[in-house]
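> My questions concern the predicted model and sequence given below.
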Amino acid sequence: MKILLLVTLALVATASTAAQDPGKDLPKEWIDPDTGHRVVRLTDEPGSQSLYFHQNPYTATGDKMVFTSPTGLYAYDFKTGKSKLLVEGRVGSLVVGPKTRQAYYFKGDSVYATSLDTGDTRLIVKRAELRTGSGFGINADETLLGGSYTEGGRQFVNPTPPAPGQPSDSYAGKENMMRLRLAAKLPMALYTINIRSGEVKEFYHATDWLNHVQFSPTDPELMMFCHEGPWHLIDRIWTIRIDGSHKRLMHKRTMDMEIAGHEFFGPGNMLWYDLQTPKSQVFWLAGVNVVNDKRIRYKVQREEWSVHFNVSPDGKLFAGDGGGPNSVAAPGNGQWIYLFVPDGDRLKTTRLVNLARHNYGLEPNVTFTPDQKWIVFRSNMLGPTFVFAVEVKKTN
């Protein structure tokens, strides 16, 4: 009890401590007093962040993970607990090839590959306009990167940015921006980059907003993407072959204000997504097998809905990053890192980390480590943003 009290006092004092000397004297490890699960702060530099929820940050063996910070791209070693600087300065569109142990990313107007082990870096291709779309996906045999971009390099500028004082995680403000971007009808293309040669191939063109590009984890020629925009106005989730054939809508809306999104591939042929029938009222974690179209839905309670869900490498567990007071499930959603276990047509829930002090203007974006023992997320619950991991198994 004494240890838990000290941890709680450290968390309460975080804001003033961080203001005086960010990163110093903040807790590195503790047992969450509300859940009993062990939490470890993996990074020391304020502003360090783990990747977006569907961007793989891990090597296949799970010994290393990449993260970004204001000073550069780093590899975290789970065996030593140490981080190594790989690339100085900001990088974007980051994804790791788990088997090749290479980080692929944009820096400036060029695409690079960097070894997580040696730091050796090589230029793949220089083409600035490719940065104007979604982040990279990497295909199953790690020969291709894929993404979307706005043709001609045009950038959308929001004509109605949030008003001063408006919450940074305001769902209404974000939806208005998305509505305007969708209406702009900028010409876009899906593309692949040959990792070895740097050859860029465009294979699908549209004036829809193309986003969330990902590859199947089993089929190296199958890509998933979304038609971005306010979810209740679009048929969002699609797959396509990289020769441009067999474009398929993976979820068809069946009622007014139904929404589906934040799609991600799980192991095998499963594609998962947040489903609400209708929006903000009935919540599901839904999945579809992209080969045989078999579908499954797990009921999610409003207070357990999450901005992003994710799935474990063996497909048996799910995680969620909760939601803030201004997100789509408000009121009623909780600020927690969640573990979900399928139980019939519902999800049995375990709370892992209390995020009451987290500002959801920053989305935590949960991922399972390859050994499934930890869930990694980013948070500002200590003041500055750091990367954390919570142990899935409860500490005795």
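Alright, I've got the coordinates.
> any chance you could map the strands in the stretch 201-350 of the chain?
210-215, 222-227, 237-241, 248-249, 259-265, 270-276, 283-289, 295-300, 309-311, 318-320, 336-343, 346-354 (DSSP state E, counting those that start in this stretch).
> With distance to Leu190 and mean neighbour count added, can I get these in CSV?
Placement of C-beta: from N, CA and C, glycine included. Below are the strands of the stretch 201-350 of the chain laid out as CSV (distance: least, C-beta to C-beta, whole Å; neighbours: other C-beta atoms under 10 Å):
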stretch, distance to Leu190, mean neighbour count
strand 210-215, 6, 24
strand 222-227, 6, 24
strand 237-241, 7, 19
strand 248-249, 14, 12
strand 259-265, 15, 22
strand 270-276, 17, 21
strand 283-289, 20, 21
strand 295-300, 25, 17
strand 309-311, 24, 23
strand 318-320, 28, 26
strand 336-343, 32, 20
strand 346-354, 33, 20
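> need the contact list for the residue most central in space within the chain.
Most central in the chain under C-alpha atoms, centre = their mean is Phe53, positioned 1.8 Å from the mean C-alpha point. Contacts here follow C-beta atoms under 8 Å, 6 or more residues apart in numbering; on that basis Phe53 touches 262, 264, 308-310, 321, 365-367.
> Just list whatever residues bridge to Val353.
Beta-bridge partners for Val353, by DSSP bridges, are Ile337.
> so it sits right up against Arg38, yeah?
No - using C-beta atoms under 8 Å, Val353 is not in contact with Arg38, being 9.9 Å away.
> got any residues that touch both of these two?
By C-beta under 8 Å, 6+ apart, the residues touching both Val353 and Arg38 are 32, 390.
> What is the burial count for the closest residue to Pro98 other than its chain neighbours?
Distance criterion C-beta to C-beta, 6 or more residues apart in numbering; nearest residue to Pro98, sequence neighbours excluded, is Ala60 at 3.9 Å. Neighbourhood size, Ala60 [other C-beta atoms under 10 Å]: 15.
> and Ala60, what are its phi and psi?
The phi and psi values for Ala60, taken as degrees, to the nearest 10, are phi -60, psi -40.
> hmm, back to that, so which two of the contacts of Phe53 are the farthest from each other?
Spatial extent of the contacts of Phe53 (C-beta to C-beta) is set by the pair His262 and Thr367 at 13.5 Å.
> which regions of the stretch 51-200 of the chain lie under the pLDDT threshold?
161-172 (pLDDT under 70).
> what about the helices in it?
Ranges of helices in the stretch 51-200 of the chain, per DSSP state H, counting those that start in this stretch, are 171-184.
> all strands of it, in order?
Under DSSP E, counting those that start in this stretch, the stretch 51-200 of the chain gives strands at 64-69, 72-77, 82-88, 92-97, 102-107, 110-115, 121-126, 137-138, 144-150, 188-194, 200-206.
> what residues does the shortest one touch?
So that's strand 137-138. By C-beta under 8 Å, 6+ apart, strand 137-138 touches 56, 95-97, 104, 144-147, 213-215, 223.
> gap between the closest residue to Ile237 other than its chain neighbours and Leu271?
Among residues not flanking Ile237 along the chain, Met250 sits closest, at 4.4 Å (C-beta to C-beta, 6+ apart). Met250 is 6 Å from Leu271, where distance means C-beta to C-beta, to the nearest Å.
> who touches both of those two?
Common neighbours of Met250 and Leu271 (C-beta under 8 Å, 6+ apart) are 224, 237, 239, 263, 288, 290.
> of those residues, closest to Thr114?
Of all the shared contacts of Met250 and Leu271, Thr114 sits closest to Met224, with 25.8 Å by C-beta to C-beta.
> Hmm, Leu73 is touching Phe106, no?
No - contact criterion C-beta under 8 Å: Leu73 and Phe106 do not qualify, at 11.0 Å.
> these two touch, right, Asp321 and Val366?
Yes - taking contacts as C-beta under 8 Å, Asp321 lies within contact range of Val366: 4.7 Å.
> Overlap of the contact sets of the two?
53, 306, 308, 337, 377.
> Report the two of these separated the most.
Phe53 and Ile337 (12.3 Å).
> list the residues that contact both of the two?
Common neighbours of Phe53 and Ile337 (C-beta under 8 Å, 6+ apart) are 321, 366.
> Gly89 touches Tyr105, doesn't it?
No - Gly89 is beyond contact range of Tyr105, at 11.0 Å (criterion: C-beta under 8 Å).
> and the two? which has more neighbours close in?
Set Gly89 next to Tyr105 and count neighbours by other C-beta under 10 Å: Tyr105 wins out with 27 against 10.
> Quick check: the more buried one vs Pro364, distance?
Taking C-beta to C-beta, one finds Tyr105 at 22 Å from Pro364.
> for Lys185, same thing?
For Lys185 relative to Pro364 (C-beta to C-beta), the value is 33 Å.
> quick one, which of those two is more surrounded?
Pro364 (29 against 11).
> part of a helix, is the more buried one?
No - under DSSP: H, G, I helix; E, B strand; the rest coil, Pro364 falls outside any helix and is assigned coil.
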